[in-house]
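In: Sequence and predicted structure, then a few things I'm wondering about:
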Amino acid sequence: MTSRPVHDELLLGGRWLPLTKSILFVEQEAEEFVKTYMAWRGAVITRNTGCAPVVSRIGGTLEDVLAAMLPLVTAVPSKCLVMPTANGWSAVVENDWMGTEVQLTPWALAANGLRTVAVSEAPHTYSARTNLGWWGERKVSTFVPSVEHPDEPDGWTVGVRTTDGGRWEVAEPATPPPFPDPTDRTARRIRDRFTHAHLVEVAEWFGLRPTEADFYLPGGEAFLIERTEPRDPSWKDLTLDQAYGIGRSW
């Protein structure tokens, strides 16, 4: 079996990709965010399925709490991990095999008054032959409540990403973002126009250190939210290696 490559610049060396491919940061303390989540998404899940999600506290190292998210799933995420961070924000990940959804969720949270920042970084591993892996990206997105249009939050994305054809492109914000945009549009290779150092620079502007393990779990505890309704039998469970695109197909 092919071994997983090491990505020293990524959180935990990339060992937990794709679980850590995208991390959603919410400007709200973790315990309060769990209440926000349950009053918002938890209520919708309960109404639609008749089964309420359950919340539990879990302790240990960062890798211990990430392990509680396995296996990854191919359809609707069944687990959501909410982690306190050193700057008082919440870090949120889901057990989706393609990584945490960081477009609709942060937009909805911003529409409800919470500033959100999504940090995504992963190599391009998708294989059309096996239909495994994911599209490469390195980007930072933020959504903030809008003063003029409360139901339409303002959002910006900077970085690089791959298209459906596997080509890299620069994510160009429609309007200048309210944070530094270090994108080097003169770099010859498109993927080099927004580097890991650029991503760290933007994240630090928000007080975030997404690739440093000691930024998470300052109290050694996190919150695990789990859905409890019966699963569709067509949904599949995946290991990290399978989702990465290594090993047998599913």
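Out: All right, it came through fine.
In: Show me the shaky parts of the protein.
Out: Of all residues in the chain, those with pLDDT under 70 make up the ranges 1-3, 132-133, 246-250.
In: which stretches of it form helices?
Out: 30-37, 43-49, 62-67, 104-111, 196-205, 240-244 (DSSP state H).
In: Please work out which of those is packed deepest.
Out: helix 240-244 (a mean of 21; mean count of other CB atoms under 10 Å). In short, each C-beta sits where N, CA and C put it, glycine included.
In: So which other helices or strands are in contact with it?
Out: Here helix 240-244 is seen to pack against strand 72-73 when contacts are counted using 3 or more CB pairs under 8 Å, 6 or more residues apart in numbering; DSSP states H and E.
In: which residues does the closest residue in space to Thr163 that isn't next to it in sequence bridge with?
Out: Nearest residue to Thr163, sequence neighbours excluded (CB to CB, 6 or more residues apart in numbering): Glu169, at 5.7 Å. Under the criterion DSSP bridges, Glu169 forms beta bridges with Arg161.
In: got a list of what Glu169 touches?
Out: 160-163, 190 (CB atoms under 8 Å, 6 or more residues apart in numbering).
In: Thr183 - nearest residue in space that isn't next to it in sequence?
Out: In space, Thr183 is closest to Phe194, 5.1 Å off (CB to CB, 6+ apart).
In: Please report how far that neighbour lies from Lys79.
Out: 30 Å (CB to CB, to the nearest Å).
In: For those two, indicate the residue with more neighbours.
Out: Phe194 (28 against 19; other CB atoms under 10 Å).
In: pretty sure that one contacts Val158?
Out: Yes - the pair Phe194 / Val158 is scored as a contact, 6.7 Å apart, by CB atoms under 8 Å.
In: Could you name every residue contacting both of the two?
Out: With CB under 8 Å, 6+ apart as the test, Phe194 and Val158 both reach 139, 171, 182-183.
In: Show me the one in those residues that has more neighbours than the rest.
Out: For the shared contacts of Phe194 and Val158, the largest neighbour count, defined by other CB under 10 Å, is 21 neighbours, found at Lys139.
In: Contacts only, for that one.
Out: 119-121, 157-161, 171, 194, 199.
In: So which of those belong to strands?
Out: 119-121, 157-161, 171 (DSSP state E).
In: Throw the residues you listed into JSON lines and include distance to Lys236, thanks.
Out: Output for these, formatted as JSON lines (distance: CB to CB, whole Å):
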{"residue": "Val119", "distance to Lys236": "27"}
{"residue": "Ser120", "distance to Lys236": "23"}
{"residue": "Glu121", "distance to Lys236": "26"}
{"residue": "Thr157", "distance to Lys236": "30"}
{"residue": "Val158", "distance to Lys236": "34"}
{"residue": "Gly159", "distance to Lys236": "30"}
{"residue": "Val160", "distance to Lys236": "30"}
{"residue": "Arg161", "distance to Lys236": "26"}
{"residue": "Ala171", "distance to Lys236": "31"}
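In: Which single one of these is nearest to Gly99?
Out: Within these, the smallest distance to Gly99 is 7.3 Å, found for Ser120 (CB to CB).
In: Go ahead and confirm that closest one touches Trp135.
Out: No - counting by CB under 8 Å, Ser120 stays clear of Trp135, with 10.1 Å between them.
In: what's the neighbour count on the closest residue to Glu101 other than its chain neighbours?
Out: Counting by CB to CB, 6+ apart, Glu94 is the residue found nearest to Glu101 once chain neighbours are left out, at 6.8 Å. Glu94: 23 surrounding residues under other CB under 10 Å.
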